[in-house]
Every structure is written in C-alpha cells, then in structure tokens.
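J.: Sequence plus the predicted model coming up.
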Amino acid sequence: MPPHPCETCHTSRAQILRPSTGTRLCAPCFTLAFETETAATITSSQLFHPGERIAIGASGGKDSTVLASVLQTLNARYAWGLELVLLSIDEGIAGYRDHSLEAVKRNAEVLGLPLKILGYEELYGWSMDEVVAQVVRKGNCTYCGVFRRQALDRGAAALGVRHVVTGHNADDVAETVVMNLLRGDLARLGRGTSLVTGTGGLEGGFASVKRSKPLMWAYEKEIVMYAHHMRLDYFSTECIYSPEAFRGSARTLIKNLERIRPESILDVVRSGIDMARLVPGAGGEGGSRSRRVEAMSRDVEDDTGGGCSGGNGEDAGGEMARVEETLRLNERADEEGTETEIRLPAKATNGQRHDRDVVHTGPAGKVLSPTVNGQNHDRHRHTSNNATVPHRTKQEKKPNCKAASDAAPPRQRLGQCERCGYLSSQAVCKACMLLEGLNKARPRTGIEVGGAGG
Amino acid sequence: MTGPPKTRRDNVAVDNSLCRRCQTNAPTVTVRTEPLCSPCFNKYVSTKIIKRMESFRVRHAEAGHERLLLLPLSLRACSIVLLHILSQHLRTQGEKSGRTGYRLHVLYVEDGKGEASVASDLFEMVQHRYPEHTYSTRPLSDALALAGMQELLNPHQATTQDSTANVNSSDLSTLFANLTSTTSRTDLHHLLLRKLLVHSALTHTCSAILWASSTTRLAERTLAETAKGLAFTLPTQTRDGETPLGGVPSYYPMRDLLRKEILSYTSLVSPDLGSLILEEKPRPAVSTRDTSIDELMKQYFSSVEREYPSIVANVVRTTGKLLVERVEEGLEGRGHAPERSRLCFGCIRILQGREAGG
C-alpha cells in the first residue's frame, strides 16, 4: 500500500485498510476503533450491569481470545466494575483440545483473569474418550454436541455466574441466518440473531443463564486483524470432521458475498433481525417483550460450538441430503392427497417396506416443514431415510428437540427436567437421557430408552 | 398404526426403467429423483402452473368481462413457457366451456441493452404463434416519466423547477452509467421495471400482473434482498396477491417449478420453444468483484438446484411464512426513508448503526 496518513490521527502512516469501512488507519487507531465500537454495542443495549460477574466462554480460538482481551481493556477503561472469569470446556478427547487449552491458560496469565477449565468428566461424569469407548464411535458426535451445549451453562452455574459471553462474530451470525433460511428453520432464525438470549434469572436453573455475543457486529476479518496487531495468542481447533454441510455452504456464500460487498455481512445480520421480527408468533415487537420470548424459548440446540459438525452424529454431506429427502417426501405426500403411504425409494435391498402413515389434517393442513407448526409430525417421516434397518434412527431425536425449539410462541409449555432442572419440554432433558443410557453401561446408538417420550 | 388406503402403485413393484408415473414410456427427464417420460413431465409442468391459476377459472369469470392479466415477457425461457402454457390453458377452457376465465395482455419492455433488434424479431414470432392475445411494447425509459420518479432519482433538486430537462431517454443510460456497482444497476433496473409494469397494468386495465419467476428465481431474490438488508420487504415481494402499498396485485404461477425444470420443458414440448427464446449472455463461472449480488445468488442456487432442489423451494416457502409488515400511510412507515431523503431505508440504517457500533 503506498504511504498514506492514517485517516483518524493524520499523523502516523496507515498500515491497515479496514474491511468494514474501507478507511486507512494506523494500527493504534484501528484497535481503538474496534474497541470503541464493541463498547458501543455493549452500552447501547445495556448488556452488562455494574459489578456483574461475567464468564467468558474461552475456547482458545481467535474470537474468544479477542473477546477476553477487549472486555478486559474496556472494563478498565470505562470502569464498569465487571468481574470477568474465563471458562473453558474440555471434552476430554486426548490431543484434541490440548493446544487451544494451553493458549487459554497463557491468556489467563497475561490478562490476569481467573480461569476455570471444566471437563465433560467433571460435568457429566463421562469424558468423550470414555463415551466413545462405551458406544464405540456410534453416535459419539451426538453426545459431544448435546453435552457441549449445556456445558457452558452448567459451568457458569457451577461458578455462580448468571451471564456467559461468547465470541460469535458477524460472519457467524450471517452464516446462521443463511443456514436457517436453507433449512426453513424460522424458529431459530429468530433466536440466532439476538444479541442476548436467556434471562439470567433463576427460574430455569442453569438453562436460563444469560448468553450474549458482544462481538456480534464485528467482522471476522477485523477480529483476526485485532488479534494480530495486539499480538494475541490463540490456537484455533478445527474439528476433524468436515464442517456441517449447511454451515459450510452458507459459509462459502458469505465469503463470496464479502468479496463483492463487505457490508453485506452486516446486512444479512440486519435482515435476519428483521425476519425474526416477522416470524409468526414471535411477538412482532422489538424491545423487552421479544426478549422475554427469546428468554423462554432458548433451546439447548441453539448454540453451535465452533468447529463441530453439529451434534447430529451424521456426516456433513448427510445433513443437507437428509433435509432434502424429508422435504421431497413431504411434497410428494402433499401431491398425492390426504392419506397415503410413503414408499421408500426402491433401493431397499432387503425388500423391506416401511409403511408409515402420513397424518394430514386435510389439504388445508399441509405440514410443509417439520419445524414450523410446533407439531410433531416428524416422527412419521424421518424414519424413512434409512432404507435398510427399521430401527429408530438418530433423526428421531430431532423431533423432540424441535418440539422444544418451536417454542417461539410463548404458549408452549416449558417445564423443567426432573433430573437436573434444565429447561425442557420433556420430562427428562436430552443430556440426562443420554447419561442414563451411558450409566446403564449398555452401548447406545441413539435414544432407545423404551417408552421415553422422545 | 392401521394402514391407510393404499395407492395403486404400492401393489406393484416400481420399475425404475420406466416413467415413474405412467409406468409405460421410457423416461426422458428426471424430476427431483423421479424419472418421467415427456408427456408426464409436460403434464407435471402444466399442472403446477394451472393449479396456481385457480382464481381465474371460467366459473369465476363473467362472460364478456373476463379479467385481463398483464404478462411481462422478457423473452427468456421462463416467460415464454408461461405464455405457452397459459395459451394452452385458455384454449382448453374455451373448448370445454365456450369461454375463458381471463385474457392476457403481453408486454415487452425494451431496456436498451442492445438486444433490441433480435428481441423485436422474436417478439413478432411470438405474436404469430399466439395471436389470441393482445400485445404491446414499452421502453424502460418511460419509467423515468412516471409520477414521483424524478423526485426519487434527483431528490436534491427542487421538485418544481425545470423537471422537463430531466426527462429524456438518454438519461436512462447516464443514470445507469453513474451508478458505481453492478448490484445497484441491477437494483435500479428492477425498480424501474416494476414501476413501469404497475403503470402499464393500470393503463391497460389489467387486474393483475403474472410474473414468470421460478422457484429458483424467488430463492435468488430472497437471499439477494437479505444480503442488501432488505429482508423485511420479502413477504411483499415474493408473495402472491396484493401488496400493502396498493397498485396492482402480483402473481407468480411458476413459483413451484425450478428453473431447470422449465428449461427442460422448452425442449420437450413440440413444437419446440427454443426458437422463441432470447438467449442469455454467458455468465462468468467464478464471481468477481464486478458480479452483482443477484448474479452471485444465481450461481449459488443453480448449484444447489442440482442436488438439493427441495431446499431451494424451502427457502421460498420459509420466507412466505413471514408476516407482512403493515405499512403506515405515507412514506414514514417503518422500512421507508423519510420523504426527500437521499438515502434508502437500508442505507440510513447502516449509517445509524455504525454510530451505535452496529
């Protein structure tokens, strides 16, 4: 870049071309701008209250490392009086998290913040290595996903903290918006774009721990630049499985979009927020009312951990194909009229036919997408995917959590898990059910707990 | 679970070497994993469109006062196929009941992009092939003369003085040339086209506009508008029927068909429709900085369409479920910039957001 004075201080030489604004800045002016903008996100939404205890979900990756550093800086600069603590989750897979956990430890020292590392073993009584040994690589992703989602909450509760912050950036949220459009998941469309979910109250036990993403409006590129110029120490752990098919597809699209028009990333996020407002039953109004709805309907499945293929235990390419199959069968069932059988594709080699009723409430009552109307029609459809073995496949779990995640209208009954108190629409939440299975020391491929509601 | 009435097909093993529906002919095309023969495929395409024309059935029409519907013809594959199938539909209606449920007025808008002579030849051929409709042409620059357009495009000029100096067809090209990105050019083109069509529909006393947008096209628009921060307009832009802003209702009878299905149709019907179609300019395989957002979405969905066609349809269906925002009288409603603003709502929001850190 030819020598150019910084557009802010007009003194130093500009070293950086800011992706978000296209302005040329020197490093100190850039980092200050980045910090100030993050502060604005926090103060304009009154994210924290003075003296609040905040747990920073620290994975050792760039986002959470930058988040911790920025919060520390702002806390001192503006005297917010926050009590910051780093919270890191160790799945207990030998060799997987080691490097990033070391990075977290180093950060804790440099920042002078207390660090709590909680392992699955400590939280659930099972490390992932132990789970895999038990279930022999069948559905291990399921366990990891379910456990991870509750882990931050449980960890925070164990520390007596009611508010967790994560390093989700604008690119993440934009990808989630696109992903939810592709999946037809209106309910998550609403929640994924919220700055805050959860109430931070005590009513749901650790499930109502407040979760927020202060870096929601920051470009991933700028986070990388900030980390670089502040010489922050991080280590990104990419999951060994390929990225989730929907997210991968969405990610490519967002990256291409960024090349044409960087502002589009933020525009996708804003569009997501607008669409969330227009979701039927979502309250329709902004402000505290919709936040309350958010709070009640936050679901264990919402927060995808970085890098994981997403807890469904299937291979990446599989998810898009699975949704495609489901949609196609729905369409075909629609066309053929009210009651009909769904025939499996003739490739079933063992000649088995799986007859399932498709329950329609007449031509007007089409169930076009499993996620929207809150009713559990999925049970009848998903199982037709597996052509050869008539056991309840892993997809069976989806309907149950979808039943909980369809709770965008506050009318849905949300109770608490009998065992752990987690918010759940079932009597026993998913994690507890999985644990029950594990603890009975029998290999499980999915939820086969006899008679369980879901 | 007791068995429901079984369909005929279930008593016989399906032969995949034959058309899935009639089990008689050899398949010529695969529709979302089902192999179909040409007649069955053609029926599939027509049925999808005719189903959407329910409100224009003969029984809903008064003899002699059939509703006139505007069909904008871009001369691309989708609009030609729509014209063909609706012409067939009208013929069938006439044969069955001696009259029709609606009439079509076909409009071609010249956008001065340099395809004018080829286009006008094709337009003439279309008129010869389907003489039963009325036809007209209009230049896109006419849109500049519509009420309110000058204010929209030159808001910093005082509205009363010298407005005639701005109304000029060469202004269309200068207008486009002054825009800095392909995306904004595409955007403006669409805006002008839409306004012109509404005006034409009113001029010709048409009850509705029939757009030839396929599922794929609607999905592209969904993501493109999302990427521009304008997702709140989506329910009104892609939904059948009235829009809150008034004007003429829009319908999208091809919304259940994928673009690739429509393209297959053009060669499987006889006589072949290919000779009527204005060819697209070849698109670059990889997006560059010059690609517009709409073009990017086109590339994206043409690849998704190949393997996951139902997901394409799902995107449109999902946005169709969003509530339509009620727009207050006047332009100060949410989603609209204040009158005489230089910027659109989306841009105002970006700038406000930037100050607040968003």
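T.: That came through fine.
J.: quick one: low-confidence parts of chain A?
T.: Along chain A, segments meeting pLDDT under 70 span A:1-2, A:136-142, A:200, A:202-207, A:237-245, A:282-318, A:335, A:337-415, A:421-425, A:441-454.
J.: Can you name the residue of it nearest chain B?
T.: When scored by Cβ to the nearest Cβ, chain A has residue A:40 as its residue closest to chain B, at 2.8 Å. C-beta here means a position set from N, CA and C on the backbone, and glycine is covered the same way.
J.: okay, now that residue: neighbour count?
T.: Other residues near residue A:40 number 17, with proximity taken as other Cβ atoms under 10 Å in any protein chain shown.
J.: repeat for residue A:332
T.: Residue A:332 is flanked by 17 other residues according to other Cβ under 10 Å.
J.: The strand or helix carrying it and chain B, are they touching?
T.: In the assignment (DSSP states H and E), residue A:332 maps to helix A:316-336. Yes - with Cβ under 8 Å from any Cβ of the partner chain as the criterion, chain B is reached by helix A:316-336 at A:320, A:321, A:323, A:324, A:327, A:328, A:331, A:336.
J.: For the most centrally placed residue in chain B, which residues are in contact?
T.: Centroid-nearest residue in chain B: residue B:213, 3.1 Å away (criterion: Cα atoms, centre = their mean). The neighbours of residue B:213, taking Cβ atoms under 8 Å, 6 or more residues apart in numbering or on different chains as the test, are B:78, B:221, B:238, B:252, B:254, B:255.
J.: Setting the sequence-adjacent residues aside, check what's closest to the first one.
T.: It stands for residue B:78. residue B:212 (4.1 Å; Cβ to Cβ, 6 or more residues apart in numbering or on different chains).
J.: same question, residue A:100
T.: Using Cβ to Cβ, 6+ apart, the closest residue to residue A:100 is residue A:60 (2.9 Å).
J.: Likewise for residue B:318?
T.: Looking at residue B:318 with Cβ to Cβ, 6+ apart, the closest residue is residue A:184, at 4.3 Å.
J.: Burial check on that neighbour, number of neighbours?
T.: 25.
J.: didn't it look like it was pressed against residue B:313?
T.: No - using Cβ atoms under 8 Å as the test, residue A:184 is too far from residue B:313 to be in contact (9.4 Å).
J.: what sits in contact with each of the two?
T.: residue A:327.
J.: What pLDDT is listed against residue B:241?
T.: The model reports residue B:241 with a pLDDT of 85.
J.: Next, work out how far apart the closest residue to it other than its chain neighbours and residue B:116 are.
T.: Of all residues not flanking residue B:241 in the chain, residue B:249 sits nearest, at 5.2 Å (Cβ to Cβ, 6+ apart). Noted for residue B:249: a distance of 30 Å to residue B:116, by Cβ to Cβ, to the nearest Å.
J.: Name the residues of the longest strand along chain A that are buried.
T.: Longest among the strand segments of chain A by residue count, using DSSP state E, is strand A:83-90. Using 16 or more other Cβ atoms under 10 Å in any protein chain shown as the test for burial, strand A:83-90 gives A:84, A:85, A:86, A:87, A:88, A:89, A:90.
J.: Report how far apart the opening and closing residues of stretch B:93-113 are.
T.: With Cα to Cα, to the nearest Å as the measure, stretch B:93-113 spans 38 Å from end to end.
J.: List the buried residues in that stretch.
T.: So for stretch B:93-113, counting by 16+ other Cβ under 10 Å, buried means B:93, B:100-111.
J.: For residue B:315, give me its contacts.
T.: A:181, A:182, A:184, B:219, B:222, B:223.
J.: same check, this time on residue B:61
T.: B:67, B:99, B:100, B:101, B:102.
J.: Between all of those residues, which two are at the greatest distance?
T.: Greatest spacing in the contacts of residue B:61, by Cβ to Cβ: B:67 and B:99 (12.5 Å).
J.: follow-up on the earlier one: just the closest of the contacts of residue B:61 to chain A, please.
T.: Using Cβ to the nearest Cβ, residue B:101 is the member of the contacts of residue B:61 that lies nearest chain A, at 21.5 Å.
J.: Tell me the spacing between residue A:336 and residue B:257.
T.: 18 Å.
J.: Comparing these two, which shows the higher neighbour count?
T.: The residue with more neighbours, out of residue A:336 and residue B:257 and counting by other Cβ under 10 Å, is residue B:257; that gives 25 against 15.
J.: For that one, give its distance to residue A:13.
T.: Between residue B:257 and residue A:13 the computed distance is 57 Å (Cβ to Cβ).
J.: Strands of the stretch 1-150 of chain B, start to end?
T.: With DSSP state E, counting those that start in this stretch, the ranges of strands along the stretch 1-150 of chain B come out as B:29-31, B:34-36, B:67-72, B:102-110, B:134-139.
J.: Which among those is found nearest to chain A?
T.: Minimum separation from chain A across those (Cβ to the nearest Cβ) falls at strand B:34-36, 8.4 Å.
J.: Show me the contact partners of the closest one.
T.: Strand B:34-36 is touched from outside by B:16, B:18, B:19, B:20, B:21, B:27, B:28, B:29, B:30, B:44, with contacts defined as Cβ under 8 Å, 6+ apart.
J.: Out of those residues, which are close to chain A?
T.: residue B:16.
J.: top of the contacts of strand B:34-36 by neighbour count?
T.: Top of those by neighbour number is residue B:19, holding 22 neighbours under the definition other Cβ under 10 Å.
J.: who are the neighbours in contact with residue 262?
T.: The chain I'm using is chain A. Residues in contact with residue A:262 (Cβ under 8 Å, 6+ apart) are A:19, A:20, A:22, A:219.
J.: think we crossed wires, I meant chain B
T.: B:45, B:77, B:78, B:81, B:214, B:254.
J.: can you map out the helices along the stretch 1-150 of chain B?
T.: Listed in chain order, the helices of the stretch 1-150 of chain B (DSSP state H, counting those that start in this stretch) span B:38-51, B:77-97, B:116-129, B:149-153.
J.: Redo the ones you listed as a markdown table? Include mean pLDDT.
T.: Below are these laid out as a markdown table (pLDDT from 0 to 100):
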| stretch | mean pLDDT |
| --- | --- |
| helix B:38-51 | 92 |
| helix B:77-97 | 92 |
| helix B:116-129 | 90 |
| helix B:149-153 | 74 |
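J.: Backbone dihedrals for the nearest residue to residue B:280 once chain neighbours are set aside, both of them.
T.: Among residues not flanking residue B:280 along the chain, residue B:76 sits closest, at 6.8 Å (Cβ to Cβ, 6+ apart). Backbone torsions of residue B:76, given as degrees, to the nearest 10, read phi -80, psi 170.
J.: Spatially, what comes nearest to residue B:290 if we skip its sequence neighbours?
T.: According to Cβ to Cβ, 6+ apart, the nearest residue to residue B:290 is residue B:182 (5.6 Å).
J.: pretty sure the one you found contacts residue B:292?
T.: Yes - taking contacts as Cβ under 8 Å, residue B:182 lies within contact range of residue B:292: 3.9 Å.
J.: Only the C-alpha atoms, please, for stretch A:176-187, written as CSV.
T.: Extracted as CSV, the C-alpha positions of stretch A:176-187 are listed here (Å, rounded to 0.1, in the frame of the first residue of the first chain):
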residue,chain,number,x,y,z
THR,A,176,-26.6,-18.8,10.8
VAL,A,177,-29.2,-16.7,9.1
VAL,A,178,-28.4,-18.2,5.7
MET,A,179,-28.4,-21.7,7.2
ASN,A,180,-31.7,-21.2,8.8
LEU,A,181,-33.2,-20.0,5.6
LEU,A,182,-31.9,-23.0,3.7
ARG,A,183,-33.3,-25.3,6.4
GLY,A,184,-36.5,-23.4,6.7
ASP,A,185,-36.0,-23.0,10.4
LEU,A,186,-38.0,-20.0,11.3
ALA,A,187,-37.8,-20.5,15.0
